[in-house]
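Peer 1: Here's a sequence, model it:
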Amino acid sequence: MAEFVLFYPVYAVYFTATGLSAGEVSSLFAIWSAAGFLLEIPSSVWADRFSRRRLLVLAPLLSAAGFALWTFVPSYGAFAAGFVLWGAAAAMGSGTLQALVYEELRRLGRAEGYARVIGRSEALASVAAVVAALVAAPVLAAGGYLAIGLASAAAGVVGAGAGLLLPESRGADRGGGSYLSVVRAGVAEVRRAPSVRRVLVILSVVTGMTAIDEYLPFLAVAGGAAPPVVVVLVALVIAGIAAGGWLAGYGARLLPLVLGAGALALGGGAAGTRVALWPAFVVVALAFAAFYWAVAVLDGRLQDLIGDEARATVTSMAGLGSEVVALGVFAFYGAGSGWVAPWVLVGVAAVPYLVMAVAAAGDRPM
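Peer 2: Next up is the predicted model:
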C-alpha cells in the first residue's frame, strides 16, 4: 500500500499545472530527498527505543496527510510540506519494518525465512507501483486530480490499518536507553564486527546502484524505441525486479555468482540495445532480477549478524549508504550524458556490481 500511490506518475505535471516552474519543482524534489536523508537515522533510533509497529502505523498516515495537503491546498508551501511528510514516512519505514519482521520470525523459530518474506514484500511493492501507474490515467480522466489525491491518501490509511495487524512481541514501549545510547550501540555493532561492515558496504552499493534504472527509458529511446514501446520495456524490467524479489531466500550461497552474472548481464544488455533492443532488454531485466534478489539476501545476512538493541538503526545505516551511492549514480549519469551514449553509461554501472561480487565472495554466509 505504501507504493500504491496514484500521484507517482502525475505529480510533476500537477505541480506545473498549478503554476510552478521547473526550477521550483526541482527544489521540491531536493526537499523530499533531504527530508528522507536527515530523518533516516533519527527515526530508526526511535524504532529501536519504542514501538516499531507504532512507527509503521504512523508512517503511511504522514504520507496520506501530505497527499491531502497537495489535493486541498495546492501551493508551493503545501507541496514542500507534503514532501517533508512523505520523506519522513519513508524514513520511518526504512529499517523499522526489517527489524520488526526479523525479530518476530526469530521468535517463531523461522528467521531463516526472513529474506523470502522481505523479498516477496518488495516484489509486491513493485507490482503495486506498476498497477498504480496504470490506474492513474483512467482515474485522472474520470475524477481529475481530486480523485488522484483522495486515492493516494486512502492508500496511506489502508497501509496504516495493515500496520496495526503486524505482531510485536516486545511491547509497545521499551524505553531501553537514551537516544545517544542507541546510536552508540549501533555504531559499536559496526565498529567491532568486520563482517557487519562488509555486509553494510556491499548492501549499500548493491541497493544504491539500482538507481541506474531511472535511466533505462533513455537507453530504450537511444535504441530506437517509440514512447509506447519504452513503457513496455520498462515494465519488462519491473517484472524482472518483482521476480528477483519473489525468489529471494533461495540459493543464498550463490550470492557472488548471481551478483557477477547480473553485472555481466547489465553490461551486455546495455551494449546489446544497439543491435537487438528487445532481447537486450530481456537480459537487462534478468540483471535487475539478480540485483534485487541480492538485496534481499544481503539484508537477511545483515539481520543475522546484528543484535536487537540497535537493529533498526544499523539497518538504516545501509539505507543511508545506498542514498549516498544513488546520488553518485545521478551525478555520474548527469555528468556523462553530454559526452557518451546511454548504453555506455548504463554499461559502466555494471562495474561496481562486479566489485561487490568479488567482495561478497570473501564474506562467509551465516
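Peer 1: So in the chain, where's the weakest helix or strand by average pLDDT?
Peer 2: Lowest by mean pLDDT, DSSP states H and E among the helices and strands of the chain is helix 179-192, with a mean of 73.
Peer 1: Next up, the contacts around the nearest residue to residue 306 once chain neighbours are set aside.
Peer 2: Spatial nearest neighbour of residue 306, chain neighbours left out: residue 314 (4.9 Å); criterion: Cβ to Cβ, 6 or more residues apart in numbering. Just so you know, the C-beta spots here come from the backbone N, C-alpha and C atoms, and that holds for glycine as well. Applying Cβ atoms under 8 Å, 6 or more residues apart in numbering, we find residue 314 in contact with 95, 186, 189-190, 196, 200, 302, 306.
Peer 1: Kindly reformat these as a markdown table containing distance to residue 120 and neighbour count.
Peer 2: Output for the contacts of residue 314, formatted as a markdown table (distance: Cβ to Cβ, whole Å; neighbours: other Cβ atoms under 10 Å):
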| residue | distance to residue 120 | neighbour count |
| --- | --- | --- |
| 95 | 19 | 29 |
| 186 | 27 | 25 |
| 189 | 27 | 21 |
| 190 | 28 | 16 |
| 196 | 25 | 18 |
| 200 | 23 | 23 |
| 302 | 18 | 24 |
| 306 | 22 | 24 |
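Peer 1: give me the element the residue lying closest to residue 22 once chain neighbours are set aside is part of.
Peer 2: Once flanking residues are discounted, residue 22 sits nearest to residue 16: 7.4 Å by Cβ to Cβ, 6+ apart. Counting by DSSP states H and E, the element that carries residue 16 is helix 11-17.
Peer 1: From the contact counts, what lies against the least confident helix or strand of the chain?
Peer 2: Judged by 3 or more Cβ pairs under 8 Å, 6 or more residues apart in numbering; DSSP states H and E, the packing partners of helix 179-192 are helix 22-49, helix 194-209, helix 311-336.
Peer 1: Can you pull up the most central residue in the protein?
Peer 2: By Cα atoms, centre = their mean, the chain has its centre lying nearest to residue 207, at 7.7 Å.
Peer 1: That one against residue 323, yeah?
Peer 2: No: taking Cβ atoms under 8 Å as the definition, residue 207 is not a contact partner of residue 323, at 9.1 Å.
Peer 1: Could you export the contacts of residue 314 as CSV, including distance to residue 258?
Peer 2: Compiled in CSV, those are given as follows (distance: Cβ to Cβ, whole Å):
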residue, distance to residue 258
95, 24
186, 29
189, 27
190, 25
196, 22
200, 19
302, 17
306, 23
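Peer 1: between those residues, which is closest to residue 119?
Peer 2: residue 302 (13.9 Å; Cβ to Cβ).
Peer 1: Tell me how far that closest one lies from residue 72.
Peer 2: 41 Å (Cβ to Cβ, to the nearest Å).
Peer 1: wait, which of the contacts of residue 314 is closest to residue 217?
Peer 2: Set against residue 217, the nearest of the contacts of residue 314 by Cβ to Cβ is residue 95 (30.2 Å).
Peer 1: so who does the closest one touch?
Peer 2: For residue 95, the contacting residues are 40, 43-44, 47, 311-316, 318-319, by Cβ under 8 Å, 6+ apart.
Peer 1: wait, residue 285 sits on residue 242?
Peer 2: No: assessed by Cβ under 8 Å, residue 285 is found out of contact with residue 242, at 10.1 Å.
Peer 1: And for residue 122, nearest residue in space, chain neighbours not counted?
Peer 2: residue 245 (4.2 Å).
Peer 1: Now do stretch 198-217: distance to the chain's middle.
Peer 2: 10 Å (Cα atoms, centre = their mean, to the nearest Å).
Peer 1: And the helices in the stretch 251-366 of the chain?
Peer 2: With helices called from DSSP state H, counting those that start in this stretch, the stretch 251-366 of the chain shows them at 255-272, 277-305, 311-336, 342-348, 350-361.
Peer 1: Comparing these, which stretch has the densest surroundings?
Peer 2: Highest mean neighbour count of the helices of the stretch 251-366 of the chain: helix 277-305, a mean of 24 (counted as mean count of other Cβ atoms under 10 Å).
Peer 1: Run through the neighbouring helices and strands of it.
Peer 2: Using 3+ Cβ pairs under 8 Å, 6+ apart: helix 277-305 touches helix 96-107, helix 114-164, helix 194-209, helix 216-222, helix 227-246, helix 255-272, helix 311-336, helix 350-361.
Peer 1: would you turn those helices into JSON lines with distance to residue 3 and mean pLDDT?
Peer 2: Putting those into JSON lines (distance: least, Cβ to Cβ, whole Å; pLDDT from 0 to 100) gives the following:
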{"stretch": "helix 96-107", "distance to residue 3": "13", "mean pLDDT": "92"}
{"stretch": "helix 114-164", "distance to residue 3": "4", "mean pLDDT": "92"}
{"stretch": "helix 194-209", "distance to residue 3": "16", "mean pLDDT": "94"}
{"stretch": "helix 216-222", "distance to residue 3": "18", "mean pLDDT": "91"}
{"stretch": "helix 227-246", "distance to residue 3": "11", "mean pLDDT": "88"}
{"stretch": "helix 255-272", "distance to residue 3": "23", "mean pLDDT": "97"}
{"stretch": "helix 311-336", "distance to residue 3": "16", "mean pLDDT": "88"}
{"stretch": "helix 350-361", "distance to residue 3": "24", "mean pLDDT": "96"}
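Peer 1: quick one: which of those helices is nearest residue 55?
Peer 2: Here helix 96-107 is closest among the helices and strands packed on helix 277-305 (Cβ to Cβ), at 5.0 Å.
Peer 1: got the angle between the least confident helix or strand of the chain and helix 22-49?
Peer 2: Counting by axes from the mean of the first three to the mean of the last three Cα atoms, to 10 degrees, helix 179-192 lies at 90 degrees to helix 22-49.
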